[in-house]
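Enquirer: only geometry, no sequence info:
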C-alpha cells in the first residue's frame, strides 16, 4: 500500500471513530498508580447485567468494569438483533450447518485438536471450512465418541475474510478498542477479531489473553463453562519449574511437590454463559473454557486507556525473560536489538512497535481535539483561520504534517448532529473527556518508557517519546485556554 493510501486510511479512521462520552470523574484517574488502586478484586461472583447496554450506560460501565478490571456477563438482549444470531442458528438453537456450508464453506480456517497437547497448547492445522463442518456433523452423529478427535475451530479472522457480511455489531461499551484501531492502520490487514466454533466437549486450556488484553466473547449458540482466577493467582498455579498448569482441573495440582503453591489459591470463580450472552474478560484474568454444547462464539481482544499499562508491564516482563535466556551473549554487538527481535517473535510486539502503537492512538485523538479547537476558535464562521499568537500556541511540530482538517463525511456510526456546515465534527464535553483520558493514559506509558533503560538504548525512541509528550502537553494547554463547549451535556 502506498504511503498516501495509508495516510488516507488513517484519516478516515480518525474521522469515523465513534467516541462515546465519559463523565469528568474519570479524569481524576490520571496516573498508573491510581488505576492499580481500583483493581482490587472483592467480588465472590461474576455479575450479570440484565438490561440492554446503550450509549447512556457507557460511562458507568467504563468506570465500574473497565477501570476496575471486573468481569461481568451481558444479557442476550445485546445480541438479539445480530445477523449471526439469525443466520447461523436453527430454530432449535443448534448450528445451522447448511447455511454455514453454503455461505462460507470455501474458507480456510484454523482448527485445534483438543485431545492433543504440544508445548502446553493444542496443535493447530488449517482446514477447509466445509470439511470441518462435515467432521462436526459426523462427530455429533457418533454421540461425541471418545475414539474420535475433538476439533475446535479457533481464532478465525472472519471479519477480515468476509468484510461485507456484517455478522454482529460491537457493543458500545467495547468500542474503545486501541488494539484493533492500531492493527487496522497497518498494511498487513491483520486484526484481533475472531470466530470460534466447536462441538460439545471442545475446550481451551488455562491461559490469559494475548498482550494481557481485555476480551469479550458472545455466544451465538450453545453454552460455555468459564473458570476464572483473578490476577496474581496464576503464580500459585505454576509448577516448581515455573510453568503454568495446562488443565486447571488436572489431578497433578494435588501433588504438593510438583505444585508447591497450589494450597495458597484463594479465589476460583465459575460461571455458565448461555446462548446470546456476552462475557467480558478483564486484563490478566487467567481462565479455562469448556463448550457444554455445540457452540459458536464471536470474540474480540482489545486494549484501551484502562489497561494499556498492564499490557506495557507484560511486555517489559517478557523482555526481562528474553534477556535472562541470552544473558551469556550480553557483550555481543547489537545485543539489545537481538533481544527486541526475540521479544517480537515470542510476544508479537517489540518496544519500537509499541511506541508506534502509542503514536497512532495519540494521532487520532489529537486530530479530533484539534479539529474541535479550530471550530470553537472560529465559531463556525467559515474556514478556521491560521493563528499563531501567544494566546493561541501552535501544536508541537511533531504532528504538524499529520493534523489535517477532515472535510469529508464521517461514518454512519458518528453522530451526524455534531457535524458543522463544513463537514467537521464538533465534540461534546463527554467526548472531550474521553480523548483527554486516552491521551493522559498514553502519556503515562511514555513517561515510563523514557525511564526504561532498554527503551532508551533503541535508536531515536526516547526522542520520539519526548516529542509526543510535548505535543500532548501543548494540546492540553490549548484546551485549557480555549475550549468553550457549545453543547456541555455529555
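Expert: Received it, and whenever you're ready, just let me know what you need. What you see is a predicted model; the values in this text were computed from it and never measured. Residues are numbered from 1 along each chain as shown.

Enquirer: Quick one: mean pLDDT for stretch 239-247?
Expert: Averaged across stretch 239-247, pLDDT comes to 97.

Enquirer: ends of that stretch, how far apart?
Expert: 12 Å (CA to CA, to the nearest Å).

Enquirer: What residues of that stretch count as buried?
Expert: Across stretch 239-247, burial judged by 16 or more other CB atoms under 10 Å covers 239, 244, 245, 246. Just so you know, the C-beta spots here come from the backbone N, C-alpha and C atoms, and that holds for glycine as well.

Enquirer: Out of those, the closest to residue 231 would be?
Expert: Sorting these by distance to residue 231 puts residue 244 at the head of the list, at 13.4 Å, by CB to CB.

Enquirer: next one: phi and psi at that closest one?
Expert: Per-residue torsions, residue 244: phi -70, psi 140 (degrees, to the nearest 10).

Enquirer: That one contacts residue 229, doesn't it?
Expert: No - between residue 244 and residue 229 there is no contact under CB atoms under 8 Å: 10.6 Å.

Enquirer: Show me whatever sits in contact with both of those two.
Expert: 237, 286 (CB atoms under 8 Å, 6 or more residues apart in numbering).

Enquirer: Could you list the low-pLDDT ranges of the chain?
Expert: For the chain, applying pLDDT under 70 flags the ranges 1-18, 377-425, 482-490.

Enquirer: Outline the domain layout of it.
Expert: With domains defined by automatic domain parsing, the chain comprises 43-53+70-230+267-304, 350-482.

Enquirer: okay, those domains in JSON lines with distance to residue 310 and mean neighbour count next?
Expert: Converted to JSON lines, these look like this (distance: least, CB to CB, whole Å; neighbours: other CB atoms under 10 Å):
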{"stretch": "domain 43-53+70-230+267-304", "distance to residue 310": "4", "mean neighbour count": "18"}
{"stretch": "domain 350-482", "distance to residue 310": "11", "mean neighbour count": "17"}
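
Enquirer: can you list the ones you listed in CSV and add distance to residue 60?
Expert: Below are the domains of the chain laid out as CSV (distance: least, CB to CB, whole Å):
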stretch, distance to residue 60
domain 43-53+70-230+267-304, 9
domain 350-482, 12
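
Enquirer: just so I know, which of those domains lies nearest residue 332?
Expert: domain 350-482 (13.9 Å).

Enquirer: Tell me, how many residues neighbour residue 327?
Expert: Other residues near residue 327 number 9, with proximity taken as other CB atoms under 10 Å.

Enquirer: Farthest pair within the buried residues of stretch 239-247?
Expert: 239 and 246 (10.0 Å).

Enquirer: looking at the domains of the chain, which is closest to residue 323?
Expert: domain 350-482 (7.9 Å).

Enquirer: wait, what's in contact with residue 434?
Expert: Taking CB under 8 Å, 6+ apart, one finds 19, 20, 21, 22, 176 in contact with residue 434.

Enquirer: Give me the three-state assignment for the closest residue in space to the first one that isn't next to it in sequence.
Expert: For residue 19, ignoring the flanking residues on the chain, the nearest one in space by CB to CB, 6 or more residues apart in numbering is residue 431 at 4.6 Å. Of the three states, residue 431 takes helix according to DSSP: H, G, I helix; E, B strand; the rest coil.

Enquirer: Also residue 438?
Expert: helix.

Enquirer: my guess is residue 283 contacts residue 304, does it?
Expert: No - the criterion here is CB under 8 Å, and residue 283 misses it with residue 304 at 10.3 Å.

Enquirer: overlap in contacts of these two?
Expert: Between them, residue 283 and residue 304 share the contacting residues residue 214, judged by CB under 8 Å, 6+ apart.

Enquirer: Contacts only, for residue 344.
Expert: 350, 353.

Enquirer: Can you give me the distance of it to residue 59?
Expert: As for residue 344, its distance to residue 59 is 36 Å (criterion: CB to CB, to the nearest Å).

Enquirer: Could you do residue 264 as well?
Expert: For residue 264, the distance to residue 59 - CB to CB - is 37 Å.

Enquirer: Next: residue 167.
Expert: Distance from residue 167 to residue 59, by CB to CB: 28 Å.

Enquirer: Please apply the same query to residue 256.
Expert: 47 Å.

Enquirer: Show me where this protein has its helices.
Expert: 3-16, 32-38, 58-61, 83-87, 97-104, 129-141, 158-161, 178-184, 308-325, 335-347, 351-378, 429-450, 453-456, 461-482 (DSSP state H).

Enquirer: so how far does stretch 142-152 reach from one end to the other?
Expert: For stretch 142-152, the end-to-end distance is 16 Å (CA to CA).

Enquirer: So between residue 256 and residue 59, which is more surrounded?
Expert: Between residue 256 and residue 59, counting by other CB under 10 Å, residue 59 is the more crowded of the two (21 against 11).

Enquirer: Settle this for me: that one is touching residue 24, isn't it.
Expert: No - look at residue 59 against residue 24 with CB under 8 Å: they stay out of range, at 9.8 Å.

Enquirer: if we can go back for a sec, nearest to residue 218, out of the helices of the chain?
Expert: Closest among the helices of the chain, using CB to CB: helix 83-87, at 8.7 Å.

Enquirer: The closest one packs against which elements?
Expert: Secondary-structure packing of helix 83-87 (3 or more CB pairs under 8 Å, 6 or more residues apart in numbering; DSSP states H and E): strand 214-221.

Enquirer: Report the contact partners of residue 300.
Expert: 170, 174, 177, 180, 192, 193, 194, 215, 216.

Enquirer: Pull the contacting residues for the closest residue to the fifth one other than its chain neighbours.
Expert: So that's residue 192. Nearest residue to residue 192, sequence neighbours excluded (CB to CB, 6+ apart): residue 301, at 4.1 Å. Residue 301 is in contact with 179, 192, 194, 209, 210, 211, 213, 214, 215, counting by CB under 8 Å, 6+ apart.
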